[in-house]
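1. I'll drop the sequence and a predicted model, then ask my questions.
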Amino acid sequence: MRLTIIGSGYVGLVTGACFAKLGHTVTCVDIDPEKVQKINKGVSPIYEEGLDSLLLTYQDRISATTDYNKAMEQSDITFLCVGTPSLKNGGIDLRYIKESTQQIASTLKNKKNRHLVVVKSTVLPGTTQQIILPLLEQFSGKKVGADIGLAMNPEFLKEGVAIKDFLEPDRIVIGSYDEKSRTTLRELYKTFSCPLVETSLSAAEMIKYASNAFLATKISFINEIGNLCKKLDIDTYDVATGMGFDKRIGRPFLDSGIGWGGSCFPKDIDALLAWAKELKEPARIIESTRQVNADQPLRLVELLKKHVPKLKGKTIGVLGLAFKPNTDDIRDSRAIPIVKELLKHGALVKAYDPQAMENFKKLYPSLTYCSTADEVLTADAVLITTKWNEFSTLKYQGKIVIDGRRLEQAKNAKIYEGVCW
């Protein structure tokens with residue numbers, strides 16, 4: 001099939017590259033000419049493991065443009081993958097969704113064949129039906145269901161392993177407006193062997209939010225258990241292992257530490273809470289999930305103060321700035337509140353991350369950014385905030401290390417403290 005991908009961020013570009021690998025012809029649309037140029041050269045504008053290789057290998061099947069008409073001229077399906085950033089009240093900003101939908105609809109105005117529009121952007125239940133559908137009809141002059149197909153196909157990609165997640169998914173969710181749209185997407189995904197969940201547009205939207213909220217809650221829960229374990233001198237990872245054998249619970253997402261960040265969990269939790277408030281429906285568990293996560297990284301600084309009581313003028317090393325390993329994404333990284341707290345106490349911060357330093361410099365340009373992880377170890381004390389593989393090869397002997405990510409090798413330090421163990 002010929003596919004158009006609107007938006008070439010983490011979701012859009014991974015989706016496009018993977019569909020190209022599967023034999024489809026893909027055209028990405030983005031407003032950023034620099035991104036477009038890089039994609040056309042087979043270079044990824046973002047860091048995601050394996051993405052550069054895919055773009056280079058399948059250059060004959062994937063291209064990029066800023067022109068909607070050019071991209072959609074011959075395509076059968078358009079995937080809407082633009083961002084839905086948070087508003088000040090926690091709700092989602094639909095500006096990019098609306099603008100892109102209008103552009104898609106205007107392009108479809110002169111298209112003779114039926115075209116399927118698939119929403120992959122994360123939007124609250126009701127958005128596809130109540131906002132995207134009317135815009136498609138208004139700006140195309142056509143009828144959704146008859147002339148235009150419409151579906152909601154949420155993504156469940158984890159940054160750092162997004163390509164694997166796309167090609168080997170746990171499930172594929174298809175929320176469709178009509179039977180023809182459902183059949184078209186079913187055909188697109190026919191080579192996948194995972195369960196196919198077919199449902200309504202709103203249920204598909206809710207599955208995405210409910211999934212992320214549950215995973216975030218699972219992490220916050222084990223962090224609360226970990227905080228108790230720390231005071232009782234119990235290894236919370238032993239507890240998590242024992243819990244994980246229960247098939248109703250499972251071991252993934254039971255690694256205690258300094259909490260969750262990234263582009264999805266914080267934004268989706270905030271959006272759910274804002275939506276619940278609008279509906280006048282209490283969301284007590286989700287609110288607690290967020291609060292535990294906000295408090296958790298600051299425990300690392302409190303542990304540090306046990307061993308370095310006066311932080312003013314002390315040099316504190318921070319290993320890891322990305323919100324997780326194998327990405328350059330710092331959105332809601334747990335390193336951000338930690339660095340903020342260190343600076344508030346007058347500490348001098350020297351930091352290192354294999355991929356995320358350039359992004360972090362935009363927030364904190366005055367930190368000392370090291371060219372190697374070894375340089376960080378010359379600090380008076382070291383905090384581990386991201387579990388990059390290369391940090392496991394460092395020599396921590398003789399150092400003060402406060403660990404937020406359970407790095408076994410760091411236990412060789414002269415003074416070692418884990419946040420929940």
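-> Received, thanks.
2. Would you mind identifying the next helix or strand past the lengthiest helix in the chain?
-> Determined from DSSP state H, the single longest helix within the chain is helix 201-232. Following helix 201-232 in sequence order, the next helix or strand is helix 236-244 (DSSP states H and E).
3. quick one, domains of this structure?
-> Following automatic domain parsing, the chain resolves into domains at 2-199, 209-223+234-295, 298-418.
4. Now do the longest one: distance from first to last residue.
-> Just to be clear, that refers to domain 2-199. 25 Å (C-alpha to C-alpha, to the nearest Å).
5. cool, the second one as well?
-> One end of domain 209-223+234-295 sits 23 Å from the other (C-alpha to C-alpha).
6. Also stretch 363-376?
-> For stretch 363-376, the end-to-end distance is 19 Å (C-alpha to C-alpha).
7. can you map out the strands along this protein?
-> 2-6, 25-29, 62-65, 77-80, 115-119, 148-152, 172-176, 196-199, 315-319, 348-352, 368-369, 381-384, 400-403, 415-418 (DSSP state E).
8. Going by contacts, tell me the helices and strands next to the following helix or strand past the fifth one.
-> Going back to what we said before, that points to strand 115-119. The helix or strand immediately downstream of strand 115-119 is helix 127, counting by DSSP H and E. Using 3 or more C-beta pairs under 8 Å, 6 or more residues apart in numbering; DSSP states H and E as the contact definition, helix 127 packs against no other helix or strand. (Each C-beta comes from the backbone N, C-alpha and C, glycine too.)
9. follow-up on the earlier one: how about the domains of the chain in TSV, adding mean neighbour count and mean pLDDT?
-> Below are the domains of the chain laid out as TSV (neighbours: other C-beta atoms under 10 Å; pLDDT from 0 to 100):
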stretch	mean neighbour count	mean pLDDT
domain 2-199	19	97
domain 209-223+234-295	18	97
domain 298-418	19	98
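10. quick one, helices of the stretch 1-150 of the chain?
-> 10-21, 33-40, 51-57, 68-72, 95-108, 127, 133-140 (DSSP state H, counting those that start in this stretch).
11. mind putting the ones you listed in a markdown table, distance to residue 417 included?
-> As requested, those are arranged in a markdown table below (distance: least, C-beta to C-beta, whole Å):
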| stretch | distance to residue 417 |
| --- | --- |
| helix 10-21 | 34 |
| helix 33-40 | 42 |
| helix 51-57 | 36 |
| helix 68-72 | 53 |
| helix 95-108 | 43 |
| helix 127 | 45 |
| helix 133-140 | 53 |
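12. follow-up on the earlier one: other SSEs contacting the longest helix of the chain?
-> If you count contacts as 3+ C-beta pairs under 8 Å, 6+ apart, helix 201-232 packs onto strand 148-152, strand 172-176, strand 196-199, helix 236-244, helix 265-278, helix 284-295.
13. just to revisit the earlier point, and the helices of the stretch 1-150 of the chain: which comes nearest residue 348?
-> With C-beta to C-beta, the closest approach to residue 348 among those belongs to helix 10-21: 33.2 Å.
14. what distance separates the closest one from the centre of its chain?
-> 15 Å (C-alpha atoms, centre = their mean, to the nearest Å).
15. and if you look at stretch 17-30?
-> So, by C-alpha atoms, centre = their mean, the centroid of stretch 17-30 is 21 Å from its chain's centroid.
16. what's the answer for stretch 220-237, then?
-> 26 Å.
17. So residue 393 sits against residue 408, correct?
-> No - counting by C-beta atoms under 8 Å, residue 393 does not reach residue 408; the two are 11.9 Å apart.
18. Which residues does stretch 53-67 contact?
-> 8, 16-18, 20-21, 23-31, 33, 35-36, 39-40, 42-44, 71, 163 (C-beta atoms under 8 Å, 6 or more residues apart in numbering).
19. change it to 7 Å
-> Residues outside stretch 53-67 that contact it (C-beta atoms under 7 Å, 6 or more residues apart in numbering) are 8, 16-17, 20-21, 24-31, 33, 36, 39-40, 42-44, 71, 163.
20. Can you get me the start-to-end distance on that stretch?
-> OK, stretch 53-67 end separation, C-alpha to C-alpha: 25 Å.
21. again, but for stretch 69-78
-> 12 Å.
22. next one: stretch 371-378
-> End to end - C-alpha to C-alpha - stretch 371-378 spans 13 Å.
23. same question, stretch 28-44
-> 12 Å.
24. coming back round to it: now for the helices and strands packed on helix 201-232, which one comes closest to residue 205?
-> strand 148-152 (5.7 Å).
25. how far off helix 95-108 does the closest one point, in degrees?
-> On the basis of axes from the mean of the first three to the mean of the last three C-alpha atoms, to 10 degrees, strand 148-152 is oriented at 150 degrees to helix 95-108.
26. Who are the packing partners of strand 148-152?
-> strand 115-119, helix 133-140, strand 172-176, helix 179-188, helix 201-232 (3 or more C-beta pairs under 7 Å, 6 or more residues apart in numbering; DSSP states H and E).
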